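Colleague: Fold the following for me, if possible:
(3 chains)
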Amino acid sequence: MAEPTPLLEVKNLSKSYVLRGGFFDTPNGVVQAVDRVSLSIARGQTFGLVGESGCGKTTTARMIVRVVEPDGGEIAFWDDELGRLDLCLLSGRQMRPLRRKIQMIFQDPYASLDPRMTVLRIVGEPLRATGCTDQRATRERVAEVLEMVGLRHEHMSRYPHAFSGGQRQRIGIARALATEPRLVVADEAVSALDVSVQAQILNLLRELQGRLNLTYLFIAHDLGVVRYICDVVGVMYLGRLVEVADKASLFRSPRHPYTEALLAAASRPEPGRPVVHLSAPGTVPASGCPFLPRCRYQKDTCAREAPELRQVAPGHTVSCHFDLRLTGV
Amino acid sequence: MPATDTILDIQALTVRFHTRQGLVSAVDGLDLVLRRGSVLGLVGESGCGKTVMSHTLLRIEAPGRIEGGRICFFGPDGAEVVLDALDPGGSTIRHIRWKEIAMVFQEPMTSFGPQHTIGAQIGEAMALHGIASGTLQPAVVASLQSVGMPRPEETARQYPHQLSGGMCQRAMIAMALSCHPSILIADEPTTALDVSTESQILELLRERQAALGMSILYISHNLGVVAQIAHEVAVMYLGRIVERAPVGVLFAAPKHPYTRALLRSIPRVDRDCSLEALSGNIPEPFARPAGCSFHPRCPDRLVGICDQVAPALRRMDDGSEVCCHLYGEPAHG
Amino acid sequence: MTDTAPSRYSASQWQLMWAKFKDHKLALVSLGVLGVFYLIALLGPFLAPCDSWRTSQFAFAPPARVHIFHNGRLMRPFVYGLKMTSDPGTFERSIAPDKSTVLPVRFFARGAEYDWLWLVHGNMHLFGVDSGGQINLLGTDILGRDCFSRDIVSTQISVTVGLVGVFITFVLGCLIGGVSGYYGGVVDNALQRFMEFVTCLPTIPMWMALGAAIPTQWSNLKVYFAITVILALRSWTGLSRQVRSKLLQSRDEDYVIAARVAGASDSRIILTHLLPGFASYLIVSLTLEIPRMILGETTLSFFGLGLRPPTVSWGVLLQDAQNLAAISVYPWLMFPAIMVVVCVLAFNFLGDGLRDAADPYKE
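Modeller: Next comes the predicted model:
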């Protein structure tokens, strides 16, 4: 049963940063933070974007919520009323009504809430900023979302310093839900939390997804978390998507050497398991496959040509020259 | 009478903070034994007091105060030093710091001062502990080499901000090991690092531990990481140890409801599972529950017992110790 | 989750700041001292027993002493009158208390008339003596004017000059620093270079030049405001730089990005998130700016380029104390110097206390 149109479709999204140095801040190099990333998220789905630090997943997420301006590419969003829109073409003012539909949960529960505002003002901000001036309606909605995330409405008058990390993250989630969004981007939303709190928040996110019919773009670096909550997973390396597959295929039979290495190196609560190393990031080769220096299968073609994303199975795309049927972990 | 292979014996340690809002018992009757040449993993979440405890071992617990218990350190010559009785600013503890007990911190970048090179900072630590200044430079380079730094002479001349997180953490470990301590306290050393770097740092620690025969107190909230490096694991909750066991026993047969809940909360990468989240939150530091401090969140609590009487430590047959009413009568040992 | 909600949890940033500020005893004392200064400034002529401009024949009279025993009898507090004497040997004239004239000190006495805050016309003074006599608690100056009264009136001027100047500094600093910090790029660059240029102008010569340029026929009030503007022109750059750096820092904080994702406009973000965030730093900066202004005005007036007689300020009064005689023979003329020192120190300690309390979240 396939949904007719996806909720979000990203095509060839790119972002580069100019490195400056020297006495006069002269440009002396370019970092391609995001390099022609394309993905598609269906309604009600959770799309996980994984990778190590510096791979561009956070930049991609911030481009989708239009906090960072992309250099190129298209972000297509299917709004209920307005139909298909390219977010890259919208001005700040045109973007404002869409802000209600696309919201974000941040990583650091201690930095993402303004310490000088009460919970009521924090959670109510998206409502006020997008034009809701009725104070009573705002208050009622804030009370409603606070109950949804497991807090009580009397917490509205408190300040963030009164809450633990897990509770603050719940407040951040409540803020993201205040305007009844369709798409929620969770940028490492559980990475800064303790294990037991992480489990609570993950279960809360799943429950809310079912109840409110939300679609998630879930950025993470922990593969266990991704396996638990995501339906489709995209693996990023140095700004590129190297593999996209549904959860079962990716974890059972990864097709890219980087995915395979990440899965093998991930820690698990099993003592005595032999440790598999993934070599540390070194210099990026100027041509050919960027993963070559760390790949255990290095072949001649890899140094000459950079691979493109191609489909190897239904719903499974890989950016590797060799359709190595790598067995899963 | 502690066994001869004990290097650190902590008994009923209590560390309190007197704040304007009230009294906080960060560490509350903690018992822990670290054996020579072994790795003890200390697992606990935020607010359990593990960082306060590690700072207390080096007597940098201020503004907290030790208000009970005892910390006995058995030096390489077998002499017993009572750490809690030492003057925190005195020469004895300053000699012990780094020479006998060293520490590696979570944030590698901020553990080094930004104005001096790595080599200068490692050299400073060494000079303070008696390495002659003539042999300082080669000693620094040798220490960087021993932690697998690819170009040690060059790295010694670099500043912390020029190194990546992983390299910085290696340098931090080099600095900690530079005076060949008997105990290394590693306080969440890989939390800020990527998976690839994390596994390498763990491998480095394992290798160094085997080569130098030192003991490691490895503090982490990540049970997966602890499984890879520890010989024994202790689980901490609200200032005390609730379970301690050899690593295989703890993961195969966890006893304390908190340990079991933690293990059930870890999402697995190798299979689909369900996460049973522990309900509730860590209690307020000013409102510690009566009886067993875990009972409000415990799915197996015994009403009438757990909410009134604090459990004592019980030793079990498989070598583990657990602090829970569910496990029979206490065995004195 | 506990059910009891300690008041700390609902404490706003300001309540937390106050709690932390109270720990700083020196700052609390300074707050009290400054309260006294501003009370003096507010009440002004009410507190002074005499007119500050009324001259008398008794030049350089020493401070009067308040006695309660007269010829062995206990009486209500009083002072002796003054008389001129001359030493028979050296023919040196001096002023001595006249024990035959007893002037009781009366509280809430009627005295010279004055206008209070341009509204109330009255003649009630906190204390004074019957007309015809005079009470000089701090002696008199070269024209026989009561120093105590002049010190009080000069306090009024000196401590308020700082306030007006600080207000101008605040507006300019926030505006320019805010625009510079939030928008960055070319705008920031241009404004920064302009600020650096202004900073490079040497302060005292610039003040002196501007002070000398004030037309002599301007009224006292105009001169007063001109001085405050001159002082402010130089000091806004410091505040501007602080505002800019705070904005640059806070601009990338997660909660600001969250506000952008929520749809808040730039102005909304600056007003509701960024400005309150460094309101505390602003207060500290401003508190430390006021003593600089006070010193600036005192300096200008001391050089004769600021306020001019008959307007009195501490600087104007200190002009009379510029000679050796003042130090050795008439030390009471230097009392305004003590007031300057105490006031500036009090502001600095207050600023210290505020700075320590400024970030209540930095536990």
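Colleague: of all of the stretch 201-329 of chain A, which residue lies closest to chain C?
Modeller: Residue of the stretch 201-329 of chain A nearest chain C, by CB to the nearest CB: A:Leu217 (12.9 Å). (Glycine included, C-beta is placed from N, CA and C.)
Colleague: which residues does the nearest residue to that residue once chain neighbours are set aside form a beta bridge with?
Modeller: Leaving aside its chain neighbours, A:Leu217 sits nearest to A:Val185 (4.6 Å; criterion: CB to CB, 6 or more residues apart in numbering or on different chains). Beta-bridge partners for A:Val185, by DSSP bridges, are A:Met104, A:Leu217.
Colleague: can you pull out the helices in the stretch 1-150 of chain B?
Modeller: With DSSP state H, counting those that start in this stretch, the ranges of helices along the stretch 1-150 of chain B come out as B:50-57, B:91-99, B:108-111, B:118-128, B:136-146.
Colleague: Please convert those helices to CSV, extending it with mean pLDDT.
Modeller: Shown next, in CSV, are the helices of the stretch 1-150 of chain B (pLDDT from 0 to 100):
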stretch, mean pLDDT
helix B:50-57, 90
helix B:91-99, 84
helix B:108-111, 79
helix B:118-128, 87
helix B:136-146, 88
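Colleague: and the stretch 51-200 of chain B, which of its residues are near chain A?
Modeller: B:164, B:166, B:194-200 (CB under 8 Å from any CB of the partner chain).
Colleague: got those as CSV, with pLDDT and neighbour count columns?
Modeller: Below are these laid out as CSV (pLDDT from 0 to 100; neighbours: other CB atoms under 10 Å in any protein chain shown):
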residue, pLDDT, neighbour count
B:Ser164, 81, 17
B:Gly166, 83, 21
B:Asp194, 79, 23
B:Val195, 79, 21
B:Ser196, 78, 18
B:Thr197, 81, 22
B:Glu198, 84, 24
B:Ser199, 82, 23
B:Gln200, 83, 23
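Colleague: Which two of those have the greatest separation?
Modeller: Of all pairs drawn from those, the greatest distance, 15.3 Å, lies between B:Ser164 and B:Ser199 (CB to CB).
Colleague: Can you check the pLDDT for the spatially closest residue to A:Arg182 that is not a sequence neighbour?
Modeller: Closest residue in space to A:Arg182, ignoring its immediate chain neighbours: A:Lys101 at 4.8 Å, by CB to CB, 6+ apart. pLDDT, A:Lys101: 92.
Colleague: follow-up on the earlier one: just the helices of the stretch 1-150 of chain B: most buried one?
Modeller: Of all these, helix B:50-57 carries the top mean neighbour count, a mean of 22, counting by mean count of other CB atoms under 10 Å in any protein chain shown.
Colleague: how about that helix as CSV, C-alpha atoms only?
Modeller: Taking Å, rounded to 0.1, in the frame of the first residue of the first chain, the C-alpha atoms of helix B:50-57 are listed here in CSV:
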residue,chain,number,x,y,z
LYS,B,50,30.0,9.3,39.6
THR,B,51,31.9,12.4,38.7
VAL,B,52,31.8,13.7,42.3
MET,B,53,33.2,10.3,43.4
SER,B,54,36.0,10.4,40.8
HIS,B,55,36.9,13.9,41.9
THR,B,56,36.9,12.9,45.5
LEU,B,57,39.5,10.2,44.8
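Colleague: Show me where chain B has its strands.
Modeller: Ranges of strands within chain B are B:6-19, B:22-35, B:39-43, B:65-74, B:80-82, B:101-104, B:183-187, B:215-220, B:232-237, B:240-246, B:314-315, B:321-322, based on DSSP state E.
Colleague: can I get the ones you listed in CSV with distance to A:Arg116 and mean neighbour count?
Modeller: Formatted as CSV, those follow (distance: least, CB to CB, whole Å; neighbours: other CB atoms under 10 Å in any protein chain shown):
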stretch, distance to A:Arg116, mean neighbour count
strand B:6-19, 22, 18
strand B:22-35, 25, 20
strand B:39-43, 36, 25
strand B:65-74, 33, 18
strand B:80-82, 47, 12
strand B:101-104, 35, 24
strand B:183-187, 31, 23
strand B:215-220, 33, 25
strand B:232-237, 33, 25
strand B:240-246, 36, 23
strand B:314-315, 49, 18
strand B:321-322, 45, 22
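Colleague: Out of those, which gets nearest to A:Asp246?
Modeller: Among the strands of chain B, the nearest to A:Asp246 by CB to CB is strand B:215-220 (32.4 Å).
Colleague: and the closest one, average pLDDT?
Modeller: Summarised as a single mean, pLDDT over strand B:215-220 is 94.
Colleague: What strands flank the host helix or strand of C:His125, and is each parallel or antiparallel?
Modeller: For C:His125, the element it lies in under DSSP states H and E is strand C:120-128. Sheet pairing here is set by DSSP bridges, and for strand C:120-128 it gives strand C:106-116 (antiparallel).
Colleague: Would you format the strands of chain B as JSON lines with distance to B:Met175 included?
Modeller: Output for those, formatted as JSON lines (distance: least, CB to CB, whole Å):
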{"stretch": "strand B:6-19", "distance to B:Met175": "21"}
{"stretch": "strand B:22-35", "distance to B:Met175": "21"}
{"stretch": "strand B:39-43", "distance to B:Met175": "20"}
{"stretch": "strand B:65-74", "distance to B:Met175": "21"}
{"stretch": "strand B:80-82", "distance to B:Met175": "23"}
{"stretch": "strand B:101-104", "distance to B:Met175": "8"}
{"stretch": "strand B:183-187", "distance to B:Met175": "11"}
{"stretch": "strand B:215-220", "distance to B:Met175": "16"}
{"stretch": "strand B:232-237", "distance to B:Met175": "26"}
{"stretch": "strand B:240-246", "distance to B:Met175": "29"}
{"stretch": "strand B:314-315", "distance to B:Met175": "38"}
{"stretch": "strand B:321-322", "distance to B:Met175": "34"}
